[in-house]
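Enquirer: give me coordinates for this.
(chains A and B)
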Amino acid sequence: MPLWLFIFLGALAVISALGVILQRNPVHCLMALVMVLLDIALLYIALGAVTVGFLQAIVYVGAIMILFLFVIWLLNLRAEVRSEGHLALKFFGALGASALTAELWVFVSESRRTGGLTERSPQFGSIASLAASIFSQYLVAFEVTSILLLVAVVGAIALARRPGPVTAGRSESLPADAATRQAGGVRQAGGVRQAGGVRQAGGVR
Amino acid sequence: MYLLLLIGGIKAIIVLLMMLNLSAILLWFERKGSALIQDRIGANRANLLGIGKRLGIPNLGIVNTLIADSLKMFTKEDFVPDGADRFLHGLAPFLALFPVLVTFAVVPIGDQITLFGHVIQLQAADLDDAALYILAALGVGVYGIALGGWASNNRWALLGGIRATAQMISYEIAMSLAIIAMVATYGSLNLQEIVRAQGGVWFGFLPRWGVLVQPVAFLVLLTAGMAESKRVPFDLPEGESELVAGYFTEYSGGKQAVFMLTDFAEVTLVAVLITTLFFGGWQVPWLYPDGFHLPGGAHLEMARWLVVIIGVVAFMIKAVIFCCFQILIRWTLPRFRYDQLMRLGWKVLVPAGLANLVVTAVVIVVGGH
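Expert: Numbering: from 1, shown residues only, chains lettered A, B, ... in the order given. Next up is the predicted model:
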């Protein structure tokens, strides 16, 4: 990667990261974070790890940040009010920031002392090398992680579900209605709810 | 070095113009085709100085849809509603259009040609991870729609934006599963290599097109792709009868035109992807680099450049056929209900795509190719 490209992408990443913490509007912060993540994806690609770069864009920008956007919308977050903050908050914030800076400094000087960074192999970051390491060297860790994620998904759904029998989940608030409509009623419930939601949203105005 | 840059630039411009033109022609086909389907006369109001009428040519609405409409769009007032987020409101249409347009860069429009000793791939970017690139670009494309809905400061628009986002990320999964199945079948993420692998014939006459190997993946990609373009029957995000116009309710003039162009560019993208992955891209049945070899044993000698040109034309024809097919569907089917849409995505397309992928993987491992 040419030096000018690295400086350009690095500066862009730092500016976008500052945008994440300095802006008030949560959606603007989110877009700045999207910029940071895309920028990191570009850095990966410029370093030759093309597959990793695209995966970064797919996973973080295409999925996780969209989820953040949904959370911001559904919680109806407004622009952040500047809080004066306690003295203790400022003190511990400064302490944490200086600890992180010190850690970064030690890390950088360490790598410089041990002769800098080593040259990557030409196969590094290609989809073949990625697959080879995931499905041979780290197979167990990979499978365990996927099971962990599956458990997390099932757990989240179980927690979000209201208690009560599974079949009555949707129409329990309208028992008489459900009895008369039977199976067809459950299918319609989605449509009815949708229309209700729209009417409500209009009414708020 | 500079020569390569020049060649790359020219290729990029050619591909971009090809796709933009195709999208514009789709606008005409949509207006006139829908009139044909609904037994109306359709767009025929504008003409150029009455030339067509004097020559006795029936008004096909080309001036109306391609010149008058776009002039009207771009000269209208660009209105931003009170309380809207001006920056994101302006950015959103372009954020929606850009990822769709850059996706065309990895689509091969023809075979390679040799010009002045340089081998040139007829493809704007010869990328090894093209399939991943497409998925990444589609993921970024969601933001334009989502922000367009949010930044308008309008309930209809926000609801449309939320619906569009949920729909697009749901169907992206099915779409990726279909693409991954094709990648597994041909053992490559490079679209040019996938197209090359579809050359030749089976049993002496049957072209080796992907649709014959992966019919399930074809149906999944076609359905999910049409849902991605958010047009009828998947137009919940802009359903006129409930949400006025959904996420672009508060857009007018040029920005509205950009959103419309995005829709047509997405239709084109789906058609191009299906052509490339399932219908042999620029491959013509029985056409080899040295000419036609017909099943009966007949042989027609052809120059190399002629074969390449036939390939590019065949690619365009296939893409246009699938664009027209989507427009036909759009004017034939009624709109889904939202729960039907989600059920189709999550309970039909995703399991079908997953099962297809598992079967593909087993066949590859057992068959050992």
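Enquirer: what's the local residue count around whichever residue of the stretch 251-369 of chain B sits closest to chain A?
Expert: Using Cβ to the nearest Cβ, the closest approach of the stretch 251-369 of chain B to chain A is made by B:D339 at 3.1 Å. For every residue, glycine as well, the C-beta is placed using N, CA and C. For B:D339, the neighbour count with other Cβ atoms under 10 Å in any protein chain shown is 16.
Enquirer: now do B:G160
Expert: 30.
Enquirer: correct me if wrong: it contacts B:L243.
Expert: Yes. Contact criterion Cβ atoms under 8 Å: B:G160 and B:L243 qualify, at 4.9 Å.
Enquirer: how close does the residue of chain A found nearest chain B get to B:P237?
Expert: The minimum distance from chain A to chain B, using Cβ to the nearest Cβ, falls at A:G62 (2.1 Å). Here A:G62 is placed at a distance of 18 Å from B:P237 (Cβ to Cβ, to the nearest Å).
Enquirer: coming back round to it: anything in contact with each of B:G160 and B:L243?
Expert: A shared contact of B:G160 and B:L243, defined by Cβ atoms under 8 Å, 6 or more residues apart in numbering or on different chains, is any residue touching both; here these are B:P237, B:T249.
Enquirer: what pLDDT is listed against the residue of the stretch 251-369 of chain B closest to chain A?
Expert: At B:D339 the predicted local distance difference test score is 86.
Enquirer: how about the contacts made by the nearest residue to B:V63 once chain neighbours are set aside?
Expert: Taking Cβ to Cβ, 6 or more residues apart in numbering or on different chains, and ignoring the residues beside it in sequence, B:V63 has B:A46 as its nearest neighbour in space, at 4.9 Å. Listed by Cβ under 8 Å, 6+ apart, the contact set of B:A46 reads B:V63, B:N64, B:I67, B:A68.
Enquirer: which residues touch the third one?
Expert: Each residue near B:I67 by Cβ under 8 Å, 6+ apart is listed here: B:A46, B:L48.
Enquirer: quick check, it in a helix?
Expert: Yes. Counting by DSSP: H, G, I helix; E, B strand; the rest coil, B:I67 is found in a helix.
Enquirer: which intervals of chain A have sub-threshold pLDDT?
Expert: Along chain A, the parts satisfying pLDDT under 70 run over A:1, A:77-85, A:112-123, A:125, A:163-205.
Enquirer: on that earlier part again, the residue of the stretch 251-369 of chain B closest to chain A: what secondary structure?
Expert: helix.
Enquirer: residue 33: which element?
Expert: Let's take chain A. Taking DSSP states H and E as the criterion, A:L33 maps to helix A:26-46.
Enquirer: actually chain B
Expert: With DSSP H and E as criterion, B:G33 is part of helix B:2-37.
Enquirer: about what we covered before: buried members of the contacts of B:A46 into PyMOL, please.
Expert: For selection in PyMOL, the members of these meeting the burial criterion (16 or more other Cβ atoms under 10 Å in any protein chain shown) are listed in this command:
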select buried, chain B and resi 63+64+68
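Enquirer: want to throw the contacts of B:A46 into TSV with pLDDT?
Expert: TSV is the format used below for the contacts of B:A46 (pLDDT from 0 to 100):
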residue	pLDDT
B:V63	76
B:N64	76
B:I67	80
B:A68	82
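Enquirer: the contacts of B:A46: which two are farthest apart?
Expert: Of all pairs drawn from the contacts of B:A46, the widest gap by Cβ to Cβ lies between B:N64 and B:I67 and measures 7.6 Å.
Enquirer: specify the local secondary structure of B:I109.
Expert: coil.
Enquirer: er, B:F292 actually
Expert: Secondary structure of B:F292, reduced to three states by three-state DSSP: strand.
Enquirer: what is the burial count for the closest residue to it other than its chain neighbours?
Expert: Take B:F292 and drop its neighbours on the chain: the residue closest to it by Cβ to Cβ, 6+ apart is B:L300, 4.1 Å away. The number of residues packed around B:L300, counting by other Cβ under 10 Å, is 11.
Enquirer: how far does the host helix or strand of B:L300 sit from the chain's center?
Expert: When secondary structure is defined by DSSP H and E, B:L300 falls within strand B:299-301. With Cα atoms, centre = their mean, to the nearest Å as the basis, strand B:299-301 stands 34 Å off its chain's centre.
Enquirer: can you give the strand pairings for it, parallel or anti for each?
Expert: Each strand paired with strand B:299-301, and its direction, by DSSP bridges: strand B:291-293 (antiparallel).
Enquirer: B:V359: which of the contacts of B:A46 is nearest?
Expert: Nearest to B:V359 among these, with distances taken as Cβ to Cβ, is B:N64, at 49.3 Å.
Enquirer: doesn't B:N44 make contact with the closest one?
Expert: Yes. Counting by Cβ under 8 Å, B:N64 sits close enough to B:N44 to count as a contact (6.4 Å).
Enquirer: relative to A:L67, how far out is the residue of the stretch 251-369 of chain B closest to chain A?
Expert: Applying Cβ to Cβ, one obtains 21 Å for the distance of B:D339 from A:L67.
Enquirer: in whichever helix or strand comes after the helix holding B:G33, what counts as buried?
Expert: Using DSSP H and E, the helix or strand that directly follows helix B:2-37 along the chain is helix B:51-55. Under the neighbour-count criterion of 16+ other Cβ under 10 Å, helix B:51-55 has B:G52 buried.
Enquirer: next SSE after helix B:51-55?
Expert: Counting by DSSP H and E, the element after helix B:51-55 in chain order, helix or strand, is helix B:62.
Enquirer: what's that following helix in contact with?
Expert: Outside helix B:62, the residues within contact range by Cβ under 8 Å, 6+ apart are B:W28.
Enquirer: got the contact list for whichever helix or strand comes after it?
Expert: Past helix B:62, further along toward the C-terminus, the next helix or strand under DSSP H and E is helix B:69-75. If you take Cβ under 8 Å, 6+ apart as the criterion, helix B:69-75 is touched by B:L27, B:A43, B:G253, B:G254, B:Q256, B:A257.
Enquirer: following the helix or strand hosting A:G93, which helix or strand shows up next?
Expert: Secondary structure from DSSP H and E places A:G93 in helix A:87-113. Proceeding C-terminally, helix A:87-113 gives way to helix A:127-132 as the next helix or strand, assigned by DSSP H and E.
Enquirer: next, count neighbours for the residue of the stretch 151-300 of chain B found nearest chain A.
Expert: Each residue of the stretch 151-300 of chain B has a distance to chain A, by Cβ to the nearest Cβ, and the smallest belongs to B:R155, at 4.5 Å. Applying the criterion other Cβ under 10 Å, we find 19 residues in the vicinity of B:R155.
Enquirer: phi, psi of it?
Expert: Per-residue torsions, B:R155: phi -60, psi -40 (degrees, to the nearest 10).
Enquirer: how near is it to B:G246?
Expert: Remark: distance between B:R155 and B:G246 (Cβ to Cβ) = 11 Å.
Enquirer: coming back round to it: for the residue of chain A closest to chain B, which non-adjacent residue is closest in space?
Expert: Once flanking residues are discounted, A:G62 sits nearest to B:G139: 2.1 Å by Cβ to Cβ, 6+ apart.
Enquirer: residues contacting the one you found?
Expert: Counting by Cβ under 8 Å, 6+ apart, B:G139 touches A:A57, A:I58, A:V61, A:G62, A:A63, A:I66, B:E172.
Enquirer: I'd say the fourth one and B:V140 touch.
Expert: So the one you mean is A:G62. Yes. Counting by Cβ under 8 Å, B:V140 is a contact partner of A:G62 at 6.6 Å.
Enquirer: give the contact list for the residue nearest to B:F292.
Expert: Going by Cβ under 8 Å, 6+ apart, the list of residues near B:L300 reads B:G291, B:F292, B:L294.
Enquirer: and it, how close does it get to B:V307?
Expert: Here the criterion is Cβ to Cβ. By it, B:L300 lies 11 Å from B:V307.
Enquirer: for B:L277, same thing?
Expert: Applying Cβ to Cβ, the value for B:L277 to B:V307 is 22 Å.
Enquirer: cool, B:G297 as well?
Expert: Remark: distance between B:G297 and B:V307 (Cβ to Cβ) = 19 Å.
Enquirer: now swap in B:T185 and tell me
Expert: Distance, B:T185 to B:V307, using Cβ to Cβ: 26 Å.
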